[in-house]
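In: Could you look at this predicted model? Sequence included:
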Amino acid sequence: MLSRIADSIYWMSRYLERAGDTARLMEINLLYLLEAEEDMSEGDKWRPLLSITSAETAFSGLYGEGQITQGRVLQFMTAEKSNGNSIRTCLRLARENARIARDRISREMWEAINELWLNVDQQLKTPLHPLRAGQFFSIVRSEVARFHGLTTTTMMRGEAFGFYRLGTFLEQADMTARILDVKYHLLLPDLNLVGSALDYYQWAALLKSLSGYEAFRRKYHAGFRPMDVVEFTIFEQEFPRSLAYTVKRMRRALVDTGITGKQRSPAAMEQLESMLAGNSAERIFSTGLHEFLEKFLVAIAALNQAAQADFLDTHMEEP
Amino acid sequence: MAAISSDTSHKPRISYHEFYTDGFTPREHYRPLWEHIQSVGQNAFEAKVHESQLALHAEGVTFTVYGDSDEGIERIWPFDLIPRIIPASEWSIIEAGLKQRVRALNLFLKDIYHDQRILKDGVVPAELIYQGKDFRREIMGIDPPHDIYTHISGIDIIRDEDGKYLVLEDNLRTPSGVSYMIENRVIERRILPEFFAKYRVRRVEHYPALLLEALRAVSPRGKGQAEIVVLTPGIYNSAYFEHTFLAKEMGVELAEGRDLVAKDDVVYLKTTTGLQRVDVIYRRVDDDFLDPLVFRSDSTLGVAGIINAWRAGNIAIVNAPGNGIADDKAVYPYVPDIIRYYLSEAPILHNVPTYQMTNPEERAYVLDNLERMVVKAVSESGGYGMLMGPASTAALRKEFAVKIQEDPRNYIAQPVVQLSRHICYMDGELEARHLDLRPFTIYGDDINVVPGGLTRVALTKGSLVVNSSQGGGSKDTWVLAE
């Protein structure tokens, strides 16, 4: 297939997934704040979210330092046009990439993404009221999920599907690592401390941000031990947003896109896999969770670049 | 060539009504439809209109209007639910006339870019061709596969005050609208299936299959080895929806210039697995932008070297470069002569009488009567660069008078033809609006005219401008089986 179209499908998935993940993150943070301690400042409540999405610089560029309020973050993360990661921007770019690849994706996929964009663009013409925001995020989340469902049932398997999955899982892995990194910093990294009410809400919020709360509860009955949360979000093979699961799917997607004969992506993929194979939560804690996640994010970025070089940047070689 | 018209043509004449015979009585072929519309009732019909809007919106059936912003404005395709119906007897004339016209214009293009017999014989003035902005001397002597230039034509047809079908203009470069013809049908059948029960409407949705067959037919490596691409300027082009539609319907790649590369007179696609040879390019990029080595050197939309690959016979370019000279509005008055010259036949479809500004006598007449004229810049299309005399201001007429005197080759004038009218559903009322018709002709192994076309409607009451870029609408167009 055309390199440019492959690129568009890949980025369509990434932007769409990012919009859905951001919506979930915002929704959980809004709910979590209702239950958070009263002496927490608005800035403290919302700063982590800016940090997860690497948006602090852009935010302070727009509003100045020390001005983190709920209203501003809400506006910035949903509608702000200058924020490359706002939900509106992500959906606009997802839809634009879908439009470029319109002849390669199914009619159902195009209609879903087109309607989602039109709907969100319309809704964000007026500022989102905090009390209405939860519903808005919930719609974005479920529409993204609907898109994935339609894609699974209508898109031909093969190269293009491979790029769609590669983009989706790479974005998911990236988001899981970021959420874990930032949230973990906020939580006391005392491995044995379990049980305070604050801990409960914060760990629950982290797991809910990854749609993993219920699954975690079912599997672990000893409360929220940090070791268990890390085990679950990094190594749990059955949890769809764990790093282990997403990396496994990325490998499969890469095979679908035609990895044979490529130079860079197989090496980058192996690098990513080697960070998980033979590793464990205990070992990660002993060398530092933050250090591990930072390295993992670098490896993801490297895979993105390798895939770009192997498949998406134009080739001049003859077959 | 048009003679100076007598005074009678100055009297405002009443346009032909497609639907009614006398303002109350529907024509015979509209009667079943009329009865049905009456039985649907206002509220139900209103709901259908709403439903059709939602469908067009959700599907993203859009066209782009060039505006102040770089990105253009994407608009939903405007569509009127009441179909236009063309009886079989009328269609057979249109069909025969279009085939004849396309065949003659194709021979004309071949001649102009080779021996130029028609110029030597003095049937068409040589300077008219040489001065034409769209005459491409760079392609003289090139033999396109199968000698076909006009693979896809969209020749605009109107009906005059007597209901006679006339050719308004020839579009032989990259005519657009065929996707909307099909979408109109798809929507109409989904929203008002009961309409179709009363008629035997001929199908139009197989157009992409006919197009694909024609593209395969001109592959230099033969039908068995026909790698085809649709070449688009990109998502900001007004017809981008159509480009994706056609690529998707035909199952071929939709490429931009940067996806293609020419090496040693062979054109390749840049794919994820390397370069892949291309045989046929259905390009929707204008000549000017097609090859920076031959035409505009600043173009980033085209492919460097594509013309040489064409010259070497390694690819087919559809439509052929250089076609613009045959649909130049200054050449248009000569088309009936062109038909007689190459085919020795009488033209089946007539032209609208046209004054040529290079003729001093005709020019003087037009300048004296501008408020009764439609003036068109020969190199413009899509309703741009036009003067609609009766609706114009004195200042605008003065501006055009100066332009005409400065560059007569660049303008033609026609008496205002009151385009035929049809009922349209407008804000809860049935109102008459002017319309035209663009049928689509495909020239591959054979010449095919798809039974139907794009009916464009002037949405503003009394307006004669139907282009979608100027705010026009559209209707599903039904050609009836015998």
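Out: Sure, I can see it.
In: helices or strands up against the helix or strand where B:Glu362 lies?
Out: Secondary structure assignment for B:Glu362, by DSSP states H and E: helix B:360-368. Packed against helix B:360-368 by the contact rule (3 or more CB pairs under 8 Å, 6 or more residues apart in numbering or on different chains; DSSP states H and E) you find strand B:355-356, helix B:394-406. (C-beta placed from N, C-alpha, C; glycine too.)
In: quick one: which of those is nearest chain A?
Out: Closest to chain A of the helices and strands packed on helix B:360-368 is helix B:394-406 (CB to the nearest CB; 37.1 Å).
In: Which elements pack onto that closest one?
Out: Judged by 3+ CB pairs under 8 Å, 6+ apart, helix B:394-406 is in contact with helix B:360-368, strand B:386-388, strand B:411-415.
In: The second one pairs with which strands, and in what direction?
Out: Just to be clear, that refers to strand B:386-388. Using DSSP bridges, the strands paired with strand B:386-388 are strand B:373-377 (antiparallel).
In: Residues contacting the strand it pairs with, please?
Out: With contact meaning CB atoms under 8 Å, 6 or more residues apart in numbering or on different chains, strand B:373-377 is reached by B:329, B:355, B:366, B:384-389, B:400, B:404, B:410-417, B:464.
In: Buried ones from those, can you make that a PyMOL selection?
Out: Buried residues within those, by 16 or more other CB atoms under 10 Å in any protein chain shown, are selected in PyMOL with:
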select buried, chain B and resi 329+355+366+385+386+387+388+389+400+404+410+411+412+413+414+415+416+417+464
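In: Any residue of stretch A:104-113 touching chain B?
Out: Yes: using CB under 8 Å from any CB of the partner chain, stretch A:104-113 reaches chain B at A:Arg107, A:Trp110, A:Glu111.
In: List the contacts of the last one.
Out: In this case it means A:Glu111. Residues in contact with A:Glu111 (CB under 8 Å, 6+ apart) are B:Ala58, B:Glu59, B:Gly60.
In: And for the second one?
Out: By CB under 8 Å, 6+ apart, the contact list for A:Trp110 reads A:Ala98, A:Arg99, A:Arg102, B:Glu59, B:Gly60.
In: Sort out for me which of those are in helices.
Out: Secondary structure from DSSP state H places A:Ala98, A:Arg99, B:Glu59 of these in helices.
In: Looking at those residues, which one is closest to A:Tyr213?
Out: Taking CB to CB as the measure, A:Ala98 is the one of the ones in helices among the contacts of A:Trp110 closest to A:Tyr213, at 31.1 Å.
In: Can you give me the neighbour number for that closest one?
Out: When counting by other CB atoms under 10 Å in any protein chain shown, one arrives at 27 neighbours for A:Ala98.
In: Could you check the pLDDT of it?
Out: Looking at A:Ala98, its pLDDT is 96.
In: B:Val378 now?
Out: The model reports B:Val378 with a pLDDT of 84.
In: who's in contact with it?
Out: B:Gly132, B:Lys133, B:Asp328, B:Lys329, B:Ala330, B:Arg409, B:Asn410, B:Tyr411, B:Ile412.
In: Where among the helices and strands packed on helix B:394-406 is average confidence lowest?
Out: Among those, strand B:386-388 scores lowest, at a mean of 88.
In: what does that one contact?
Out: With contacts defined as CB under 8 Å, 6+ apart, strand B:386-388 is touched by B:370, B:373-377, B:380, B:396-397, B:400, B:416, B:464-465.
In: how does it look with 10 Å?
Out: With contact meaning CB atoms under 10 Å, 6 or more residues apart in numbering or on different chains, strand B:386-388 is reached by B:370-371, B:373-377, B:380, B:392, B:396-397, B:399-401, B:403-404, B:411, B:413, B:416, B:463-465, B:467, B:470.
In: Drop anything exposed from these.
Out: By 16+ other CB under 10 Å, the contacts of strand B:386-388 give B:370, B:373-377, B:392, B:397, B:400-401, B:403-404, B:411, B:413, B:416, B:463-465, B:467, B:470 as buried.
In: Residue ranges in the chain under the pLDDT threshold?
Out: This is for chain A. By pLDDT under 70, the weakly predicted segments of chain A are A:34-39, A:66, A:185-199, A:313-319.
In: looking at chain B here, not the other one
Out: For chain B, applying pLDDT under 70 flags the ranges B:1-12, B:67-72, B:381-383, B:468-471.
In: Contacts only, for the residue of the stretch 51-200 of chain B at minimum distance from chain A.
Out: Closest residue of the stretch 51-200 of chain B to chain A, CB to the nearest CB: B:Gly60 (4.3 Å). If you count contacts by CB under 10 Å, 6+ apart, B:Gly60 has them with A:95, A:98-99, A:102, A:110-111, A:113-115, A:117-118, B:74, B:76-77, B:241, B:244.
In: And A:Ile139, by the same measure?
Out: A:Ala23, A:Leu116, A:Asn119, A:Val120, A:Gln123.
In: Next up, identify which helix or strand it is on.
Out: helix A:130-154.
In: Return the distance of that helix from the chain's centre.
Out: Computed by CA atoms, centre = their mean, to the nearest Å, the chain-centroid distance of helix A:130-154 equals 14 Å.
In: Now it: buried residues?
Out: Buried residues in helix A:130-154 (16+ other CB under 10 Å): A:Ala133, A:Gly134, A:Phe136, A:Phe137, A:Val140, A:Arg141, A:Glu143, A:Val144, A:Phe147, A:His148, A:Leu150, A:Thr151.
In: do the same with stretch A:69-87
Out: Neighbour counts over stretch A:69-87 (16+ other CB under 10 Å) mark A:70, A:72-80, A:83, A:85-87 as buried.
In: again with stretch B:158-174
Out: For stretch B:158-174, by 16+ other CB under 10 Å, it's B:158-160, B:165-174.
In: And for stretch B:22-29?
Out: B:Pro26, B:His29.
In: what's the answer for stretch A:230-237, then?
Out: Buried-residue list, stretch A:230-237, by 16+ other CB under 10 Å: A:Val230, A:Glu231, A:Phe232, A:Thr233, A:Ile234, A:Phe235, A:Glu236.
In: Which members of these are the farthest-apart pair?
Out: Farthest apart among these - using CB to CB - are A:Val230 and A:Glu236, which lie 10.1 Å from each other.
In: Give me the distance from the helix or strand where B:Ile187 lies to the chain's centre.
Out: Taking DSSP H and E as the definition, B:Ile187 sits inside helix B:178-191. Here helix B:178-191 is found 18 Å from its chain centre; the criterion is CA atoms, centre = their mean.
In: And for stretch B:419-429?
Out: The chain centroid and the centroid of stretch B:419-429 are separated by 23 Å, computed with CA atoms, centre = their mean.
In: what do you get for stretch B:237-256?
Out: That offset, for stretch B:237-256, works out to 17 Å (CA atoms, centre = their mean).
In: Span of that stretch from start to end?
Out: End-to-end span of stretch B:237-256 (CA to CA, to the nearest Å): 11 Å.
In: Could you see whether chain A lies near that stretch?
Out: Yes: shown here: stretch B:237-256 in contact with chain A (CB under 10 Å from any CB of the partner chain) through B:240-241, B:243-256.
In: Between the contacts of A:Trp110, which sits nearest B:Trp310?
Out: A:Arg102 (28.0 Å).
In: Can you name the secondary structure element that comes next after the helix or strand encompassing B:Leu215?
Out: Secondary structure from DSSP H and E places B:Leu215 in helix B:207-217. Downstream of helix B:207-217, the first helix or strand assigned by DSSP H and E is strand B:228-231.
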